[in-house]
Structure formats: structure tokens, C-alpha cells
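> build me a model from this:
(2 chains)
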Amino acid sequence: MAMSRREFLQRSLTFGTIGATSGLTGLSAFAARHNPIGEGTAELFEKFDGNVVLLAGKYSGLVHVMDLAVPETLAWFPYGLTGMDMPIAHHIAAMPSADPYSGFDFYQTFQPPMAPYVDENSPEWRNRGDFRMYKMRFDGSGKQNRISLVSDISAATGMALGVHVAIGVGENANKYVAFADGQKDMVLITTVDDNPKTVRAFRLDYDILARQLSVSHVFPDPATGKFDYQGRKGVKTTHEAMLGEELIPADTTAVFVDAFTWHPTLPLGAILIRRLGCCCIVDTRTWEPLALLSTGKGSPDNFQLVKQQGDTWTFSVPAVVTPMHESGFLTNGEYFLACNNVLQNLVTVYQSTDPNPNKWKKTHFVEGFGNMYMPMHTGNVPDSRWACLTLWARKPNNGFVCKIDTKTWKVVAKWDIGPDPHTVDCTVDGKYMTAVYSGHQAGQSGLVVINCHTDKIEARIPSPSGHHDHVVVPRDWEGMKTSRSTSV
Amino acid sequence: MEKFMVARRRGTDESTLANLPVCVGKSAKKQGDEAPLGRWNVALMLGRKVLGGTLVLTACLSGPWTQFTWADSKDGVFPSADQVGGQVYRDPLAIGTYFPTDFELYDMTGERVNLSQLVSVRKTVIAFFVVAVPASVLELKKLQDFAAEQVPQLQVFNVHANTIQADLTGGGPNRAVEDSIRTVALARKEHGLRNPTFVAPNDTMSPTGLSNRLGVRGVPTIFVLGADGKVQNIFIGPHNWKPGDL
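Presented below is the predicted three-dimensional model:
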């Protein structure tokens, strides 16, 4: 039964609290939102009321906002409209909103499609797409929902990065957003307002002969106030290393920076460094690197600072026992989880409560994933009781999602959700975990909703967009800590 | 008939999969697991379709021989550290050792070439590069100009230590060498590269993959070989070439 917004509002007034009738307690009186009452699937999905899911279509080049409680798409936007040929909508993060049906802001990164459609500088692809970061806005307050571009952060700052985006939380809430890139090995921190300003930028380089990592602050041109790193400028490799490809021959200085994740309670953040199996912990008050965690099993807890000269910190990295991909903090900040892969497919757990990260120790290892499944994306829950992980596998294997008990650090549930699983994220009430699959492989694909308590997959929704990332829009800054800020 | 045993999802699995072990390694031991579609499984699927039964499948999967694992990109098995030199940044071939010449190599026409014939009885420089790494391509031109001026009699080869993965564009592995040659040919033209250039398939997941055998993690990596085929010197990364280096 289709219902217009006018009809819906009339019925709301007629029957009083529509929430009591349908269970859609979060319905905004002003949002263009379908009410599925009386439809065959209404009861199945009403339990997801309050959850707006933002899904980036990596290969389709579009983004869509989904009301999980109907389910329906509230709005969609093809990024090609902004002038990019074959945009790769890579990673995404949403600002909190008390009423996400009415509106919220979000960030989207892009990388050129020459990678990883093909993993080289193939002639047909190399001039398509772009590195960019956009601030976007979903507006559901009118008669027709819409998504629009708020600002091109890459143009505003002169630095274009294409991998993870993570919004500050805790002491950094409502102040900063971080972008990272593994082709340029750079990180950019900007303000979160509509006219973003550069706060700090980093560049990382490995000296393959001296076996030392340099972490440097880089600065914009004082004359223009901008960097000169738009488009492909600054790339060390013309494609991002595919998942599990950290052993490929690459630029001798390449370290494959992946993300910047935020500590939820301390003024700290972590630069994730894939190829070196390291995480550089940064003081977000001064932006100085404080420690370099070495996340592999059998390696020291951290690598030593050799020297600091001007704006460059040099660490000794004599040996890398395994690459690492994603890492981040639990919602409560008590532990830092590093997902090692390729040579060691295990999760290293650091206790991360000490303000001095040089004192963080490896306390546990989550192991037993074998040699075909690599721990990758992490999803948090509000009470930190569990952590969910994607275990990605190369074709022709499916991979899976698992739940880890954060008291025993054992895997307590697993789900084969489909091929090529990517990010996992928690619903606002902490009851369910959403996960997308087939971000790359162009076969079976969609989104699943897992009950964190019963371990049952409650729903499966198809999508042909090729999702490598998605996020449930948090309701407030506390909820932001379970979103894609503390972990990626 | 369960026609698509792997590629089609059965809705009844949704609640039963939870808490069951997901297949780790090469065997599926409990109902509900989806076995990886490796080389053994393809054969088993065919056998199952032909014989129409499940007993054969179950018996074969439980056999100890299915535990055999070989790290490479075909079955999606990651190598262990021990298999690839102990760590990410392993050392390259040692100076004084024989340079292997038995790896797969293609010229710009797509013809398979025999490296041992090319390098025999002549001092040779082999420069490994990847077109996706701009610094490595730029180094080829520097090396070319320096060698032409300083040691014109020297034989210098460029070897592209990777192949393009064209799976999502419909090419698949069969087009890897062809597409790589096309791309490398463009780089040669754009950068004015004249030295003989080859494409070498490189499976980084395999212990016997080219870069794992040679210990090449960064490009350019340039090996100087004596007429006896032994490694005389190695240059890793961009280099300021000076007389005596080659």
C-alpha cells in the first residue's frame, strides 16, 4: 500500500501516535518516509526503526540512504554528477544526527578507478576518476528527500586522499575529521565545518635500506594556503594495494597508510600503516607522533623513536613480521585491536588506557583464522561487550563475519554472509550488526542484519552497488564512538 | 537438484550458520559450512554433478589429502612468513649467488623468452620495475642514459615484475600478460625507453613467485650480473649513477 506524505501525516494525526501502532517510533513528522504498515514485510523490519544506513557504492559510483525499518531508499546520489568520470566511492562516515530521517551530513572519499578495477596503470583507466573528499548532506526535511554536495574538501585544502575517513570523537568530537591515503601515504586532518580548514597533515616514508620510518608534518604553500596534492600528484603507486597484496613490489618508500582512527576517551589517534604492520599513535593536541606500535605477534610492543628533527620523527623498523590492515579502539577505549594479515592472520589486542602509548602492551591475540582468511574491518557495540570482525578472503573463497567476546578474546559466533564481506557497523540501539558483502567481486552482493544477541541473521537486503563501506548514522556524539571513528 | 551449490544462497541457512565453524583451511567438516572452491572442490563439484550424490563429496572432503595447502593467488591461500623469507622486507639475493633465469618472461610481442640465453657470457643489468610505481619507471630512463654514455657495451634489460589483473573488466588471468605488455609498451613510448623490456608474471602469494624468490619488495631493484651469471651488485631504489657502479 503506497501512501503519500500528506496521507501519512493525516493518518498520524488521526490515529495518534503512529509509533505505538507500527513500531516506527522514530518517525519524523516532516520526513518523506514511507510507512509500511499493513505491508507483508512490515513486521519483519519494524524492529530496525531508528536506523538510517548510508551505503557507498564503490563500483556503481553512487551513494544511497536507506531506511532500514521499511526498508527503502530515502535518497540516492550519483557522484558522476559532480564531474568525475567513473568515480570510485570508497569510504564513508556520517556525522551524528538526532533525527537522521530529517537530515545529516556525511563524508565520502574517492580514488581513481584505475585501481582496483585493474591493478596497474592500464591505458584505458588511468585518466578516469579522481582522488577527492566530499562533505555531503542528506536533507529529508522537505517533500522530496535529496542528497547534495556541501564542499569539496580536496579542492579547499589542495590535498586529495582516497581511502578511509574517520570523524573525531571524545575530546575531538565536533571538531576534526581525518582522511588517509595509501597511494600517497598521507593523512589530513581538517575541521568539520562547511568551509573546512587544514588542521594538520602527515606524510610517511620508509627507508628500505636503513629500515627506518619517517613520520613528517607537511604544510601547505603559505602563499596559497593550499597543498599541491590534488588529483594524482604525490602518488607513490598508481593503485592502492588490493586486500592482502602488501607483499607486492612497490615504491621503496611506500608504507600503504590506511586510516586515522580516534581514541574515544584520550586525546590520541592512530595512523594505520599496512605494509609495515605498524600503528603510529599521535597526540591530537599537538599532533606529535608519540609511539609506533608493532602489531605482529612475536614483534616488540612498539618500535623505538630514533630521532626527531624539526617536523620529522624517525622510528627504527628493523623487521616486519606481518602486514596489518585495519585497526582501532573499542567503544570504551580500553583496548586497541590490530588486524594483522597475509603472513599472520590474527588480531593483536593492546590495552590502551594509559595516556602514554609507549606503555601499551599486547595482552591477547585472537587467532585460529587459518591461512585463507584475513581479519579486516571491525565493528563496535556501545557497551564494548563484543567486537565484530570481517574475515576477508581472496577469491574463490567467501570470507565471513565473526563475533569476538571481549572478555575471553575468543570467537564466539561466525557467519558466512556471502562472498567478499566488507564493513560491519552497529545499529544505534546496539542490538544488531549490519554488514555488506561483495564490494569487489561483482557476484552475490547485499547487506545483512545480524542480531548481536541471538546470533541470527535477521534480514538480507540485495544491492548491486558493490559496497566496500557503509555506516549506520549515529544519533549523537556518544553514539559516534561505535560508528566508523574509533575503528574502521 | 542443487545446481548452484556455492554461488546460490539458501535462505534456510541464515539461522543455522551461526555458531557453526566456518570453513578454515581446505576442508569443511560440518554441515552448513561452505567449502572454498579450490582446485579440489572444482573436481568434486563436477564429480558430484555427474554422480548426482552427496556421499562422494562428503567422503572426499573428509580425506586427509584435502588438507594439502599451497600458497598462491589461485586458491586464495596466504603464505606464511617462513615461506617468503621470514618477514615482509626480506633481503634480496645475496651478492655472489647465481641469478635464477628460469622464471616466466615475455617480450613485447608476447613471445616467451629464455632469460638464460639472453644473459649467458655477457655482463648484464636487469632492472625490475612496475609501471604503477612512477619512481621505478623514471629510474629506467636514468639507467638507460647513464649506461649508454658510460658503458655502451653493457646489456641492460628492463623487467616488469607484475601483471595486470583484469578480472573485473572481463579479461581474467588469460589477458594478464597481453594487457601488461600493452601497458608497458605505452610506458616505453612515453618515457623514451629503448632497452629490451620484458613482462614477468609475479604471484606475490606464492613462495615461488618471482619477487619472493628474488627478495624484491621495492622497485626499482637493479641487479648487476657478471658474465658468469652471478650477482655482482644490487641497487634498490632511485640511484645517483656514477662511474664504476656498473
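> tell me the buried residues in the helix or strand containing B:Arg188?
Using DSSP states H and E, B:Arg188 maps to helix B:176-191. For helix B:176-191, a neighbour-count test (16 or more other Cβ atoms under 10 Å in any protein chain shown) marks B:Ala176, B:Val177, B:Glu178, B:Asp179, B:Ser180, B:Ile181, B:Arg182, B:Thr183, B:Val184, B:Ala185, B:Ala187, B:Arg188 as buried. In short, each C-beta sits where N, CA and C put it, glycine included.
> do I have it right that the second one meets B:Val199?
In this case it means B:Val177. Yes: between B:Val177 and B:Val199 there is a contact under Cβ atoms under 8 Å: 5.9 Å.
> which residues are common contacts for the two?
Shared contacts of B:Val177 and B:Val199 (Cβ atoms under 8 Å, 6 or more residues apart in numbering or on different chains): B:Tyr106, B:Thr163.
> just to revisit the earlier point, I'd like to know which elements the helix holding B:Arg188 is packed against.
Judged by 3 or more Cβ pairs under 8 Å, 6 or more residues apart in numbering or on different chains; DSSP states H and E, helix B:176-191 is in contact with helix B:134-150, strand B:197-199.
> closest one of the buried residues of helix B:176-191 to chain A?
B:Thr183 (5.3 Å; Cβ to the nearest Cβ).
> start to end distance for stretch A:289-304?
12 Å (Cα to Cα, to the nearest Å).
> what's the spacing between that stretch and its chain's center?
Remark: stretch A:289-304 is offset 23 Å from the chain centroid, using Cα atoms, centre = their mean, to the nearest Å.
> equivalent analysis for stretch A:421-428, please.
The answer for stretch A:421-428 is 10 Å, by Cα atoms, centre = their mean.
> before we move on, what about stretch A:351-362?
24 Å.
> please apply the same query to stretch A:469-484.
Relative to its chain's centre, stretch A:469-484 lies at 10 Å (Cα atoms, centre = their mean).
> quick one: mean pLDDT over it.
Average pLDDT, stretch A:469-484: 97.
> only the buried residues of it, if you could.
A:469-475, A:477, A:479-484.
> and what of stretch A:195-211?
In stretch A:195-211, counting by 16+ other Cβ under 10 Å, buried: A:Pro196, A:Thr198, A:Val199, A:Arg200, A:Ala201, A:Phe202, A:Arg203, A:Leu204, A:Asp205, A:Tyr206, A:Ile208.
> low-scoring stretches of the chain, by residue?
Going with chain A. Applying pLDDT under 70 to chain A flags residues A:1-31, A:114-122, A:441.
> oops, wrong one, chain B.
B:1-70, B:73, B:164-174.
> per the record, what domains does chain B have?
B:13-67, B:83-236 (automatic domain parsing).
> hmm, A:Leu389 is touching A:Met374, no?
No: contact criterion Cβ under 8 Å: A:Leu389 and A:Met374 do not qualify, at 10.1 Å.
> which residues do the two both contact?
A:Cys339.
> if the closest residue to A:Ser352 other than its chain neighbours is in a bridge, with which residues?
Computed as Cβ to Cβ, 6 or more residues apart in numbering or on different chains, the closest residue to A:Ser352 that is not its neighbour in sequence is A:Phe336, at 4.0 Å. Counting by DSSP bridges, A:Phe336 is bridged to A:Phe329, A:Tyr350.
> and the gap between A:Phe336 and A:Ala94?
Per Cβ to Cβ, to the nearest Å, A:Phe336 is found 23 Å from A:Ala94.
> on that earlier part again, taking the buried residues of stretch A:195-211 one by one, which sit in strands?
Using DSSP state E, the members of the buried residues of stretch A:195-211 that fall in strands are A:Thr198, A:Val199, A:Arg200, A:Ala201, A:Phe202, A:Arg203, A:Leu204, A:Asp205, A:Tyr206.
> which of those sits closest to chain B?
When those are compared against chain B (criterion: Cβ to the nearest Cβ), the nearest one is A:Tyr206, at 8.5 Å.
> could you give the bridge partners of the closest one?
Going by DSSP bridges, A:Tyr206 forms beta bridges with A:Leu213.
> surely it meets A:Gly277?
No: contact criterion Cβ under 8 Å: A:Tyr206 and A:Gly277 do not qualify, at 11.7 Å.
> now A:Val320. Nearest residue, chain neighbours left out?
Here the residue nearest A:Val320, using Cβ to Cβ, 6+ apart, is B:Val88, at 3.9 Å.
> also A:Gln304?
A:Ser316 is the one closest to A:Gln304 (Cβ to Cβ, 6+ apart), at 5.3 Å.
> for that neighbour, list each beta-bridge partner.
A:Gln212.
> can you count the residues close to it?
14 (other Cβ atoms under 10 Å in any protein chain shown).
> can you pull the contacts of it?
A:Ser316 touches A:Arg211, A:Gln212, A:Phe303, A:Gln304, A:Val306, counting by Cβ under 8 Å, 6+ apart.
> can I get the residues you listed in a markdown table including distance to B:Glu149?
Output for the contacts of A:Ser316, formatted as a markdown table (distance: Cβ to Cβ, whole Å):
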| residue | distance to B:Glu149 |
| --- | --- |
| A:Arg211 | 33 |
| A:Gln212 | 33 |
| A:Phe303 | 42 |
| A:Gln304 | 44 |
| A:Val306 | 38 |
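> what subset of these is buried?
A:Gln212, A:Phe303.
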